[in-house]
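1. with the sequence up front, the predicted model follows.
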Amino acid sequence: MSTSSSPREPAEGSPELHDFVCDLARSAGEVQLSRYEDPGEIREKTPKDLVTEVDYLCEELLISRIRERYPEDSILSEERGGSISGNGRTWFLDPLDGTANFSRATPLFCACVSVAEAGRITHAAVSAPRLGDLYHARLGGGAHRETDGRSYPLRVSGTERLEDAFTAADLTFIGLGSDPAKAPFREVFGSSWQLRSLGSAGVRGAWLAAGYLDVSIGTRNTAWDYAPTVLLVSEAGGEATDLSGEPWTPESDGLLATNSLLHAEVLEVLGGR
Ligand code: 2AM
Ligand code: CA
């Protein structure tokens, strides 16, 4: 197992750490389910960017359990911030992803827990409790969906042409028609068969890994909700890069994930960026 001081790039993630990562995501998911239709106080951090009492409850649970077991590790979490370790281990936490959905009891929300070791995502778990699903991946160990105690391998779709693709993104529609910076994304949507907007980047990435979607576009720099997609999708046979086709890093301004067959075609359409 890589230790927090090892600069060596890990070839695979440790099974023991993986169980803990899955257990953490499940626990936060249980808190979310226990507060379903009861989000408590809802606040706007910035216009249309919500946070509820449950976001903070899940974050406290995740951080305290990680601190107890791995006190040396770095943590970057959506509400509390934090830091990324260069050579050691970093936890990326989105304690409640899909807060706008959760705040009105739409079932698509989740807890996202990922681990990076020496700069590489080695573990990821996305618990979507209202769906009853835990999606998880371990570097070198494949990607899986766990539902009702049974495990199913995840495999990306075989869609070969963008015109046959389900393309998913959560773009704000204000300015979508007129903002020139958003024109390349409009091009991708217009070249696809259908558009999906789920309201949760974590669920979107998991559903791409599962083959329910063919293309996923994220346009922000939010490492805590993109990190799980990177590992789930690559372990399920797909491809995840930044929006220029370069390797995704936590500093990237966006994420393009595809079933791999469509990656070059989407990058070409995005090329005008
Ligand atoms: P969140 O629920 O954890 O905030 C749809 O809105 C998706 O985009 C969700 O995964 C949401 O994550 C994410 N997102 C990230 N930053 C956001 C922002 N500033 N405003 C709205 N959604 C944001
Ligand atoms: Ca969140």
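-> That came through, no problem. Ligands and ions are numbered 1, 2, ... in the order given.
2. give me the nearest residue to residue 118, chain neighbours excluded.
-> residue 9 (5.0 Å; CB to CB, 6 or more residues apart in numbering). In short, each C-beta sits where N, CA and C put it, glycine included.
3. show me where the stretch 101-250 of the chain has helices.
-> Per DSSP state H, counting those that start in this stretch, the stretch 101-250 of the chain carries helices over the ranges 183-191, 201-209, 223-235.
4. specify the angle between the second one and helix 223-235 in degrees.
-> Orientation note: helix 201-209 sits at an angle of 10 degrees relative to helix 223-235 (axes from the mean of the first three to the mean of the last three CA atoms, to 10 degrees).
5. and ligand 2, is helix 201-209 touching that?
-> No. Applying CB under 5 Å from the ion, one finds helix 201-209 separated from ligand 2 by no less than 8.8 Å.
6. going forward can the numbers begin at 40, since that is how I track them
-> Will do, 40 is the new start, and the previous item becomes helix 240-248.
7. helices or strands next to that helix in the packing?
-> The helices and strands touching helix 240-248, judged by 3 or more CB pairs under 8 Å, 6 or more residues apart in numbering; DSSP states H and E, are strand 128-136, strand 149-156, strand 159-167, strand 172-177, strand 205-208, strand 254-257, helix 262-274, strand 294-297.
8. neighbouring strands - and their directions - for the third one?
-> Looking back up the chat, that one is strand 159-167. strand 149-156 (antiparallel), strand 172-177 (antiparallel) (DSSP bridges).
9. could you do the last one as well?
-> The partner list of strand 294-297 in its sheet, established with DSSP bridges, is strand 254-257 (antiparallel), strand 278-280 (antiparallel).
10. quick one: it near ligand 1?
-> No. Using CB under 6 Å from any ligand atom, strand 294-297 stays clear of ligand 1, with a minimum separation of 11.4 Å.
11. re the thing from before, ranking the helices of the stretch 140-289 of the chain by burial, who's on top?
-> For these, average neighbour numbers computed from mean count of other CB atoms under 10 Å are highest in helix 240-248, which has a mean of 31.
12. measure residue 295 to residue 306 for me?
-> Look at residue 295 and residue 306: by CB to CB, to the nearest Å, they are 7 Å apart.
13. what about those two, which has more around it?
-> Comparing residue 295 with residue 306 by neighbour count (other CB atoms under 10 Å), the higher total belongs to residue 295, at 25 against 18.
14. so how far is ligand 1 from that one?
-> 15 Å (CB to the nearest ligand atom, to the nearest Å).
15. for that residue, what are its contacts?
-> 254-257, 279-282, 284, 302, 305-306, 309 (CB atoms under 8 Å, 6 or more residues apart in numbering).
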